[in-house]
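Engineer: Give me a 3D structure for the following:
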Amino acid sequence: MRKNSTILFTLLALCVVVLFAADMCVGSVDITLRDIWAVITGGECDPITTKIIIDIRLTKALMAILAGAALSVSGLQMQTLFRNPLAGPYVLGVSSGASLGVALFILGAPLLGLGGSSLLSSFGVAGAAWIGAAAVLAMVAAVSRRIKDIMVILILGMMVGSAVSAIVQVLQYMSHEEALKSFVVWTMGSLGDVSTTQLLLIVPAVVAGLTIAVAVIKPLNLLLLGEPYARTMGLNIGRTRMLILLSTTLLAGTVTAFCGPIGFIGLAIPHLARTMFHNADHRILMPATALLGAVALLICDIVSKLLTLPVNTITALLGIPIVIWVVVRNKNIV
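Structural biologist: Purely as a prediction, here's the structure:
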């Protein structure tokens, strides 16, 4: 089993490298691997090509890896915490909460006379997304402690999403044209709107979220056997829950803030990892899920560029069949 896992990890790592290079080559302007290698190694290359590679292609490919890993790991943690195979940042309303925070920031600030490009800074958008995601997660976690029914939790997440949509629609109706345009573009989901400056904020936030996720691997394994058993083993349930919620807020909130609401990655990829590795141990699942998430979003980004479609559309087409398969396989979910 360990040998098979090593082989799979090696193949996934190679896939990430190959897809990373392919993602940098694909686009409206043809760029060869030789050009990419020249830019990376400091060789001679056309200045325009160098600018495209450094400022656009490289940033976008790195964002695909970070976003794929972040959303997938956050989904894995939520599925374990809530003991719910259909839990995920998108389904439970975490992405909706982050979206509401961003909407209040982008659309609401100009209504209060606080408009201006300075307010649409990276820190403001990220902070609004973190607060929104944390608020929804705290509410869902509080309800899940009292209500154990899976469907009730899922319905709660959908209701939160509906409530958020209603509030956002009110903000859109009342907002100024420029702010409305910015928000509508943001809701389509994109990996290409991230700048190098924003990446300097995204990387530490995602690394911090992943570090916390790694720190709670052992508690996650204990939670698989239920909270009563975990308590008998000396696990501090409250502290563990707070760490998982903090990690999920950083991971899902940061990605949603800068890339828009990207659905189904956090829900579908953990199930692919479990199926591929035939293992429920989070020491295996955590890195496997992160690598698979990076692979999946790199593929989605490449396809979206080839078909000239929003990346959110491609992730939905990838994730929906997996979700249907999970529902069919878990017939006793109701």
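
Engineer: State the phi and psi torsions of Leu245.
Structural biologist: As for Leu245, its main-chain torsions (degrees, to the nearest 10) stand at phi -70, psi -40.

Engineer: Helices of the stretch 151-300 of the chain, residue ranges please.
Structural biologist: In the stretch 151-300 of the chain, the helices defined using DSSP state H, counting those that start in this stretch lie at 177-187, 196-215, 217-223, 227-232, 237-259, 265-277, 282-307.

Engineer: so can I have CSV of those showing mean neighbour count and mean pLDDT?
Structural biologist: Using the backbone N, CA and C atoms, a C-beta is placed for each residue, glycine as well. Formatted as CSV, the helices of the stretch 151-300 of the chain follow (neighbours: other CB atoms under 10 Å; pLDDT from 0 to 100):
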stretch, mean neighbour count, mean pLDDT
helix 177-187, 15, 74
helix 196-215, 17, 91
helix 217-223, 19, 92
helix 227-232, 13, 84
helix 237-259, 24, 86
helix 265-277, 24, 89
helix 282-307, 23, 93
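
Engineer: Tabulate the ones you listed in TSV, adding columns for distance to Val17.
Structural biologist: Listed next are the helices of the stretch 151-300 of the chain as TSV, based on distance: least, CB to CB, whole Å:
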stretch	distance to Val17
helix 177-187	30
helix 196-215	19
helix 217-223	25
helix 227-232	38
helix 237-259	22
helix 265-277	18
helix 282-307	10
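
Engineer: Figure out which of those is closest to Gly124.
Structural biologist: Across the helices of the stretch 151-300 of the chain, Gly124 has its closest neighbour in helix 237-259 (9.5 Å, CB to CB).

Engineer: Of the helices of the stretch 151-300 of the chain, which is nearest Leu81?
Structural biologist: Nearest of these (CB to CB): helix 237-259, 5.2 Å.

Engineer: Which strands or helices does that closest one pack on?
Structural biologist: helix 58-81, helix 94-103, helix 122-146, helix 196-215, helix 217-223, helix 227-232 (3 or more CB pairs under 8 Å, 6 or more residues apart in numbering; DSSP states H and E).

Engineer: so which of these gets nearest Ala296?
Structural biologist: It is, among the helices and strands packed on helix 237-259 and with distance given as CB to CB, helix 58-81, at 5.7 Å.

Engineer: what about that closest one, distance to the chain center?
Structural biologist: How far helix 58-81 lies from its chain's middle: 4 Å, per CA atoms, centre = their mean, to the nearest Å.

Engineer: average pLDDT for that helix?
Structural biologist: For helix 58-81, mean pLDDT is 92.

Engineer: Could you tell me the angle between it and helix 282-307?
Structural biologist: Orientation check (axes from the mean of the first three to the mean of the last three CA atoms, to 10 degrees): helix 58-81 against helix 282-307 gives 140 degrees.

Engineer: Helix 58-81 to helix 265-277, inter-axis angle?
Structural biologist: 80 degrees.

Engineer: Hey, what's the angle from helix 58-81 to helix 94-103? Just curious.
Structural biologist: Helix 58-81 runs at 130 degrees relative to helix 94-103, counting by the same axes, to 10 degrees.

Engineer: in helix 58-81, what counts as buried?
Structural biologist: Neighbour-count burial for helix 58-81, counted by 16 or more other CB atoms under 10 Å, picks out 58-81.

Engineer: Who are the packing partners of that helix?
Structural biologist: helix 2-25, helix 196-215, helix 217-223, helix 237-259, helix 265-277, helix 282-307.

Engineer: Need the pLDDT of Leu114.
Structural biologist: Predicted confidence (pLDDT) for Leu114: 51.

Engineer: Grab the nearest non-local neighbour of Thr80.
Structural biologist: Spatially, and ignoring its direct neighbours in sequence, Thr80 is nearest to Leu220 (4.9 Å; CB to CB, 6 or more residues apart in numbering).

Engineer: List the contacts of the one you found.
Structural biologist: Leu220 makes contact with 77, 80-81, 244, 282, according to CB atoms under 8 Å, 6 or more residues apart in numbering.

Engineer: returning to that earlier point: export the helices and strands packed on helix 58-81 as a markdown table, with columns for distance to Pro321.
Structural biologist: Below are those laid out as a markdown table (distance: least, CB to CB, whole Å):
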| stretch | distance to Pro321 |
| --- | --- |
| helix 2-25 | 20 |
| helix 196-215 | 26 |
| helix 217-223 | 27 |
| helix 237-259 | 22 |
| helix 265-277 | 9 |
| helix 282-307 | 13 |
